[in-house]
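>>> Sequence plus the predicted model coming up.
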Amino acid sequence: MTNAFHFRTIPLLCAGAGCIRQLGQIISQDFPRSKHALLLSDPGLATHPLYLQAQEALQYAGLRTHVYIDIVSNPPATNAEDAAEI
């Protein structure tokens, strides 16, 4: 039995065991015309297994996944601008 649940506002929040594996499917359903995904992270989180699983789930759903790992704490606008260039 799982304790997973969906909480939909803006954006959808999926919490519980196994939710990370649903990421690509959720994105594909909610944004069916999307072909790309951009994952944002700091360098430390980018090596975490859950981050890597998120990237795999997006790729498995057929989304070309781009990674930006230079996010800093309390990111300035330039951080968002740099990520947008990807």
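Arrived safely.
>>> Where does the prediction get shaky in this structure?
Across the chain, the ranges flagged by pLDDT under 70 are 1, 5, 7-11.
>>> Counting residues, name the longest helix you see in it.
For the chain, the helix with the greatest residue count under DSSP state H is helix 49-60.
>>> Going along the chain, name the strands of this protein.
Along the chain, counting by DSSP state E, strands occupy 5-8, 12-15, 36-40, 64-68.
>>> Dead centre of this protein: give me the residue that sits there.
L39 (5.1 Å; Cα atoms, centre = their mean).
>>> tell me the contacts of that one?
When contacts are counted by Cβ atoms under 8 Å, 6 or more residues apart in numbering, L39 touches Y51, A54, Q55, L58, T65, H66, V67, Y68. The C-beta positions use only the backbone N, C-alpha and C, and glycine is treated the same way.
>>> repeat that with 6 Å
For L39, the contact set (Cβ atoms under 6 Å, 6 or more residues apart in numbering) comprises Q55, V67.
>>> Next, work out how far apart L38 and L50 are.
17 Å (Cβ to Cβ, to the nearest Å).
>>> more crowded one of these two?
L38 (14 against 9; other Cβ atoms under 10 Å).
>>> So what's the residue count around the nearest residue to G16 once chain neighbours are set aside?
Distance criterion Cβ to Cβ, 6 or more residues apart in numbering; nearest residue to G16, sequence neighbours excluded, is A4 at 2.8 Å. By other Cβ under 10 Å, 12 other residues sit near A4.
>>> what's the answer for N3, then?
Residues near N3, counting by other Cβ under 10 Å: 7.
>>> do the same with Q55
Applying other Cβ under 10 Å, I find that Q55 has 20 neighbouring residues.
>>> If I follow the layout properly, it ends up in contact with L63?
No. Taking Cβ atoms under 6 Å as the definition, Q55 is not a contact partner of L63, at 9.7 Å.
>>> what's the spacing between Y51 and R64?
To R64, Y51 is 17 Å away according to Cβ to Cβ.
>>> ok, now L45?
21 Å.
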